[in-house]
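> Attaching a predicted model along with its sequence, questions to come.
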Amino acid sequence: MARFLLEDVTAFLAGRAPLDPADRALFGHSFGGLFALWLLFTRPDAFRHWIAASPAITWEESFLLDHLARFDPGAHAPRVHLSAGEWEGDRLTPFQEPGPEVAERLAEKARIRTVAAAIEMADALAARGIETACEAYRDETHMSVLPRRGETPQGLCIELDSPDGPRSLMVDMILLATGYDRTLDAGVLRGLARFATGAPPDRDYRLPMQSDFAPAIFVQGYSEPTHGLSDTLLSVLALRAEELSRSLAMLARPDAASVAAE
């Protein structure tokens, strides 16, 4: 995946939109946050800004910490932002407290430690001289924490805190991963509801939005007939690369459909 992202995707986008190699950012949520941190530790030169939301740091017995121990940014100066939702800590959300699986849920939270692990990671990076910010978003869960942004028909604005004060990152595409949940949590699309048409994602995972809504919303996993590592968005690129490339290219330039097909 790293090679595909750093070589194939970067080359593809560079041919269709201006990219600044010195000021690129990588954003990942959940397993995507784990991937972002792993790539930071193995290729600190790849991006300038690294954003990991609710990263699965403790996955596979916290193997990521072995990479952290060997991490050497060299001459690079990465900027890292970690975050998680308040309800990813050691307490259950109010609607879970009366449920029949309280003990099981609490044990799972104690094992995963999303908030504590993110704080510990931020402290470890800061101790190495890495510019790092970490925050827990009040009253947010693992799924609802991702849409911490402002939505307009012209774009999506992700708000981030940094040592220099609040920063806004405008994006024109966002990829939402539903994990192993086969339903689309309403919290994931909170704020986007007024722009949605209500139709399901299409073959390219794109969520149909109103005609005056410019950003593209891709919902990976939601419309798959099966789910797991074998059917994630990146794993099917080998089979449907041209279709997905055309869909992504249309974000950069309206005439890109014919270019991508060549």
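That came in fine, so what should we check first?

> Every contact and neighbour count from this point should use C-alpha atoms.
OK.

> which regions of the stretch 151-262 of the chain sit below the pLDDT cut-off?
Residue ranges of the stretch 151-262 of the chain with pLDDT under 70: 151-193, 203-205, 214-215, 218-262.

> dump the residue contacts of the closest residue in space to Tyr137 that isn't next to it in sequence.
Excluding the flanking residues, the one nearest Tyr137 by CA to CA, 6 or more residues apart in numbering is Gly85, at 4.7 Å. For Gly85, the contact set (CA atoms under 8 Å, 6 or more residues apart in numbering) comprises Ser54, Val115, Ala136, Tyr137, Arg138, Asp139, Glu140, Thr141, His142, Ser144, Val145.

> quick one, phi/psi of Gly85?
phi -80, psi 150 (degrees, to the nearest 10).

> mind checking how far it is from Ile130?
23 Å (CA to CA, to the nearest Å).

> repeat for Phe195
The value you get for Phe195 to Ile130, if CA to CA is used, is 39 Å.

> so where do the helices sit in the chain?
2-3, 10-14, 31-42, 59-62, 64-69, 102-112, 114-127, 237-252, 256-261 (DSSP state H).

> Tell me which of those helices sits nearest to His76.
Of all those, helix 31-42 sits nearest to His76, with 10.6 Å by CA to CA.

> for the record, mean pLDDT for that closest one?
For helix 31-42, mean pLDDT is 94.

> Just the CA atoms of it, as PDB, please.
Taking Å, rounded to 0.1, in the frame of the first residue of the first chain, the C-alpha atoms of helix 31-42 are listed here in PDB:
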ATOM      1  CA  PHE A  31      -6.600   1.700  10.800                       C
ATOM      2  CA  GLY A  32      -5.800   4.600   8.500                       C
ATOM      3  CA  GLY A  33      -4.300   6.400  11.500                       C
ATOM      4  CA  LEU A  34      -2.200   3.300  12.300                       C
ATOM      5  CA  PHE A  35      -1.000   3.300   8.700                       C
ATOM      6  CA  ALA A  36      -0.100   7.000   8.800                       C
ATOM      7  CA  LEU A  37       2.000   6.600  11.900                       C
ATOM      8  CA  TRP A  38       3.700   3.500  10.500                       C
ATOM      9  CA  LEU A  39       4.600   5.300   7.300                       C
ATOM     10  CA  LEU A  40       5.800   8.300   9.400                       C
ATOM     11  CA  PHE A  41       8.200   5.900  11.200                       C
ATOM     12  CA  THR A  42       9.400   4.200   8.100                       C
END
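
> What is that helix packed up against?
strand 25-29, strand 49-53, helix 64-69 (3 or more CA pairs under 8 Å, 6 or more residues apart in numbering; DSSP states H and E).

> The second one - which strands sit beside it in the sheet, and in what orientation?
Applying DSSP bridges, strand 49-53 is found paired with strand 25-29 (parallel), strand 79-85 (parallel).

> Of the contacts of Gly85, which belong to strands?
Using DSSP state E, the members of the contacts of Gly85 that fall in strands are Ala136, Tyr137.

> Need the buried ones from the contacts of Gly85 selected in ChimeraX.
Selection of buried members from these for ChimeraX, criterion 16 or more other CA atoms under 10 Å:
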select :54,115,136,137,140,141,142,144,145
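
> Adding distance to Pro73, write the contacts of Gly85 out as CSV.
Converted to CSV, the contacts of Gly85 look like this (distance: CA to CA, whole Å):
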residue, distance to Pro73
Ser54, 23
Val115, 24
Ala136, 26
Tyr137, 28
Arg138, 32
Asp139, 34
Glu140, 32
Thr141, 32
His142, 29
Ser144, 32
Val145, 29
